[in-house]
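Trainee: Show me how the following folds:
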Amino acid sequence: MIKGYLGVDVGSVTTKLVVLDDSYQILEALYLRTRGSPIEVVQEGLTELDRRLGAHVDIIAAGTTGSGRYLAGVVIGATLAASIFSGFEVPLLSYPSEVMT
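Mentor: The predicted model follows:
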């Protein structure tokens, strides 16, 4: 069984879902129109990911971002709901202090 990590980005226009493995390789990804129905679209995306990945991937953690992150977090049982800007903070710490970002 492969360990999978689910990420969901719910915006007002689009919703993106991705599943990564332990090596940060993309196992599957979806790009969907939110259509004003974020819960329905997240559920559709989860159903499609399940169909594509089958039973050989075990999702062990999930996180959300975007304007609908808290709502999506409840739907998927997220272990993290963060602002998209949080994803930029840690990598920036590895840049030399003289680099202007």
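
Trainee: Could you count how many residues lie near the closest residue to Val13 other than its chain neighbours?
Mentor: Excluding its sequence neighbours, the residue lying closest to Val13 (CB to CB, 6 or more residues apart in numbering) is Thr34, at 5.9 Å. In this view, the C-beta of every residue, glycine as well, is placed from N, C-alpha and C. Look at Thr34: counted by other CB atoms under 10 Å, it has 18 neighbours.

Trainee: please begin residue numbering at 836 from this point
Mentor: New numbering, starting at 836: the last item is Thr869.

Trainee: tell me the pLDDT at Thr869?
Mentor: Model confidence at Thr869, given as pLDDT, is 96.

Trainee: For stretch 840-854, give me every contacting residue.
Mentor: Outside of stretch 840-854, the residues within contact range by CB atoms under 8 Å, 6 or more residues apart in numbering are 839, 855-856, 861-869, 873, 876-877, 880-881, 884, 888, 892, 894-904, 906-907, 911, 913, 919.

Trainee: do that again at 7 Å, thanks
Mentor: For stretch 840-854, contacts defined as CB atoms under 7 Å, 6 or more residues apart in numbering pick out 839, 855, 861-869, 873, 876-877, 880, 884, 888, 892, 894-904, 906-907, 911.

Trainee: Dump that stretch to CSV, restricted to CA.
Mentor: The C-alpha trace of stretch 840-854 is given here as CSV (Å, rounded to 0.1, in the frame of the first residue of the first chain):
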residue,chain,number,x,y,z
TYR,A,840,-1.0,12.9,1.1
LEU,A,841,-4.1,14.8,-0.2
GLY,A,842,-4.1,18.5,-0.8
VAL,A,843,-7.2,20.5,-1.8
ASP,A,844,-7.2,24.2,-2.9
VAL,A,845,-10.8,25.5,-3.0
GLY,A,846,-11.2,28.9,-4.6
SER,A,847,-14.2,30.8,-5.8
VAL,A,848,-13.5,29.9,-9.5
THR,A,849,-11.5,26.6,-9.4
THR,A,850,-10.8,23.7,-7.1
LYS,A,851,-7.6,21.7,-7.3
LEU,A,852,-7.0,18.3,-5.7
VAL,A,853,-3.6,16.5,-5.6
VAL,A,854,-2.3,13.3,-4.1
